[in-house]
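Trainee: how would this look folded up:
(chains A and B)
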Amino acid sequence: MFASLAREARFLAKDRGALFWLILAFFLSCAAVSFGIAEVREQRETIAALIEEDAADRANALETQEDWGGAAYYAFHLTYAPPSDFAFAAMGQRDSSPWKHRVRMLALEGQIHEADTRNADFGLVGRFDFAFLAASVAPLLLILLLYDLRASERTARRHDLLVATAGSPFSMWLPRALVRVTALALLLLIPLWIGAAVEGTSMVISVTASGIMIGALLLWWLIVELVSRIDASASVLLTSLIGLWLALAIVMPAVSKAGIEAANPVPDGGEILLLQRETVNDAWDLPKAATMKPFVAEHPELADHAEIEEGFEWKWYYAFQQVGDQTAAPLVSEYRAARIARDRQAGLAALLSPTSLVERAFERLADTDALSMIGYEDRVRRYHAKLRAFYYPLMFLEQPYDADVLKKLPDYDANG
Amino acid sequence: MTSPLEAKSLSLVREGNAVLDGVSFTVARGEIFALLGGNGAGKSSTLLTFLGFLKPSGGEVLVNGQSVTGDVAAARGAIAYLPEAASLYGHMTAYENLDYFLDLAGKPAGRADLDAALDRVALPAEARTRRLRSYSKGMRQKTAIALALLRETPILLLDEPTSGLDPVAIDEFHDLVKALAGGGQTVLMVTHDVYGACQVADRVGLLRGGKLVGSFSAANGERIDTETVHAAFAERQAA
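Mentor: As a prediction, the model looks like this:
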């Protein structure tokens, strides 16, 4: 077998047409990995710069404050989801979902969703990253490398001579195809491995990603192999295979997406923002008890301190901010559940489309899938809850303002 | 004694049409058997059944006494096949083509062996490092013949082997085939070239409409009479 592979490798080295596609694959892979690393570095630099600015801005804002309410109002807190060490290969939902916020003690849901004015995007063909290359472009390159292995030899009236000389078709076509598939896989994966080394990606993830891509290539090889057994001209085979690719890579995901969206209507992020802001704005005109009652229901430990006497009190202000969140909570919950349901169903539908399956697998490895972004939103909510837990006792129990206490403000934990 | 090549009541039906109908013949070791016939007579199909590319609908074909259907690889391993207007790889040189095909056959050869074979087919030395796409049809055919020689198989199947060769090259080729047969190789060639077949063959069979309708044999090493065969060929074709 080794001799056969060496023979076909030498043959491949003389086949300019095949070499063109292989070199193109290598450059596309280099480009995808480079773009991914550049994007990830830019995101990390953005986060690093924001972390620095965030601390300075907050210090400046707190310097001039004289009460807890003012401190909470003017102090912003940075939250972010840092890109994973494999995100360079699959930007996934980071392109459509926000991965950084500057939150305040105000109503939270509006702050989370003000950057999300459309439904969660389960984009099927996204930016040109390695996941897209592996899922959608690599099969096309494989088709171009393999579709006419037999047909071109038939056209050149060489097929029978080749097979008769080889003795069996197995010893002829298998090594020829295997060399091409191996060359394609290596030329696609080498830039990924270099990128992974640069980014410090774990070996497990690198190996898993390589396995996924190789598995996808093997699947497409099987498809090409089955189709090219048809005794038809090279152009008919190519047309059939491209049609099949279109069906599996474009049509099937698009149809699935439309079906899933119709089956799981998701409220617009803007609706959450609107509902929460209307609640907050309406609160100014409502009797204070209308705000404090639902607030106390959530914070019974503050019931004895929830009476509002003056025209304006910070604790009343923050209470109606929270009530805004409470009012939007069912919609937020529906939004979250529908996104998870869509994601779960998209996962099942992906079983019908190798391209979607590969993209989803890469996004899972890179922590850039829908669940990862929902996880980030949940981290923001947990952090915001810590802020409320920090300020509420100070405000509601009317502790004297002490700037030093603010040094104990909870820190955002990007991994928490 | 087992014949290297034998067709027993060979029938072949393709897409409802009888391509071969009860064809029987044997080719002895060192014999050159030429099957003559017009277009669609079933000549090439007969060769392809010996190579296992076409499966007989009836009867059987045997290579060295073994059914081709039973062990295609063994049959192919014993045969060097020269298809009509053999198309080797145009983007490779003669040496590269021979290297590739000999590797494919599991019988790699050194440069000296390649040169010896190319000398036998009279391919100019300066042409051997040029890509085949710059060759004339005759030069490409010579390279393919060199490949058949280098395979050193006991059996040669030749499909219109002199197609595209100039008269001098045809004579050289006939001499070469006779020399190979003299060395013990068994040759089955199919052609519509009556003159060529009579020049080289020990025995000629006439194939028409998938049936073997006549045969001529050279007795005592004499050549088959071209006029007789041609007349019979024309008569059978007209029948």
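Trainee: going forward, measure contacts and count neighbours with C-alpha atoms only.
Mentor: Noted.
Trainee: which SSE is immediately downstream of the helix or strand containing B:A7?
Mentor: Element membership of B:A7, judged by DSSP states H and E, is strand B:5-14. Per DSSP H and E, the first helix or strand lying C-terminal to strand B:5-14 is strand B:17-27.
Trainee: kindly calculate the angle that that following strand makes with strand B:5-14.
Mentor: Strand B:17-27 and strand B:5-14 are oriented at 180 degrees to each other (axes from the mean of the first three to the mean of the last three C-alpha atoms, to 10 degrees).
Trainee: list the buried residues in the strand holding B:A7.
Mentor: The neighbour-count check on strand B:5-14 (16 or more other C-alpha atoms under 10 Å in any protein chain shown) flags B:L5, B:E6, B:A7, B:S9, B:L10, B:S11, B:L12, B:V13 as buried.
Trainee: ok, the spatially most central residue of chain B - contacts?
Mentor: The centroid of chain B falls nearest to B:L158 when counting by C-alpha atoms, centre = their mean (1.3 Å). Contacts for B:L158 (C-alpha atoms under 8 Å, 6 or more residues apart in numbering or on different chains) come out as B:Y81, B:L82, B:P83, B:E84, B:V187, B:L188, B:M189, B:V190.
Trainee: ok, back up a step: helices or strands next to the strand holding B:A7 in the packing?
Mentor: Using 3 or more C-alpha pairs under 8 Å, 6 or more residues apart in numbering or on different chains; DSSP states H and E, the elements in contact with strand B:5-14 are strand B:17-27, strand B:58-63.
Trainee: not counting sequence-adjacent ones, nearest residue to A:F35?
Mentor: In space, and not counting its chain neighbours, A:F35 is closest to A:D129: 7.1 Å by C-alpha to C-alpha, 6 or more residues apart in numbering or on different chains.
Trainee: put the alpha carbons of the strand holding B:A7 into PDB.
Mentor: Taking C-alpha atoms only, strand B:5-14 is exported to PDB below (Å, rounded to 0.1, in the frame of the first residue of the first chain):
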ATOM      1  CA  LEU B   5      -6.200 -18.000 -24.000                       C
ATOM      2  CA  GLU B   6      -9.500 -19.800 -24.600                       C
ATOM      3  CA  ALA B   7     -13.000 -18.700 -25.400                       C
ATOM      4  CA  LYS B   8     -15.700 -21.300 -24.900                       C
ATOM      5  CA  SER B   9     -19.100 -20.700 -26.500                       C
ATOM      6  CA  LEU B  10     -18.600 -17.000 -25.500                       C
ATOM      7  CA  SER B  11     -21.800 -15.000 -25.600                       C
ATOM      8  CA  LEU B  12     -22.300 -11.400 -24.600                       C
ATOM      9  CA  VAL B  13     -25.500  -9.400 -24.600                       C
ATOM     10  CA  ARG B  14     -25.300  -5.700 -24.000                       C
END
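Trainee: and it, how far from the chain's centre?
Mentor: Offset of strand B:5-14 from its chain centre (C-alpha atoms, centre = their mean, to the nearest Å): 17 Å.
Trainee: sheet partners, orientation included, of it?
Mentor: According to DSSP bridges, strand B:5-14 has the following sheet partners: strand B:17-27 (antiparallel), strand B:58-63 (antiparallel).
Trainee: make CSV out of those strands and add mean pLDDT.
Mentor: Listed next are these as CSV, based on pLDDT from 0 to 100:
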stretch, mean pLDDT
strand B:17-27, 89
strand B:58-63, 93
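Trainee: and of the ones you listed, who's closest to A:L192?
Mentor: strand B:58-63 (52.8 Å; C-alpha to C-alpha).
Trainee: which members of the contacts of B:L158 additionally contact chain A?
Mentor: B:Y81, B:L82, B:P83 (C-alpha under 8 Å from any C-alpha of the partner chain).
Trainee: what parts of chain B come near chain A?
Mentor: Residues of chain B lying near chain A by C-alpha under 8 Å from any C-alpha: B:51, B:53, B:72-74, B:76-77, B:80-83, B:86-88, B:91-92, B:100-101, B:103-106.
Trainee: list the residues that contact A:R360.
Mentor: By C-alpha under 8 Å, 6+ apart, the residues touching A:R360 are A:G347, A:D369.
Trainee: checking it next. Helix, strand or coil?
Mentor: Following DSSP: H, G, I helix; E, B strand; the rest coil, we place A:R360 in the helix state.
Trainee: A:A135 touches A:F362, doesn't it?
Mentor: No - the criterion here is C-alpha atoms under 8 Å, and A:A135 misses it with A:F362 at 9.2 Å.
Trainee: out of those two, which sits in the busier spot?
Mentor: A:F362 (29 against 26; other C-alpha atoms under 10 Å in any protein chain shown).
Trainee: and the gap between that one and A:D369?
Mentor: Going from A:F362 to A:D369 by C-alpha to C-alpha, to the nearest Å gives 9 Å.
Trainee: now do A:I340
Mentor: Computed as C-alpha to C-alpha, the A:I340 to A:D369 distance reads 11 Å.
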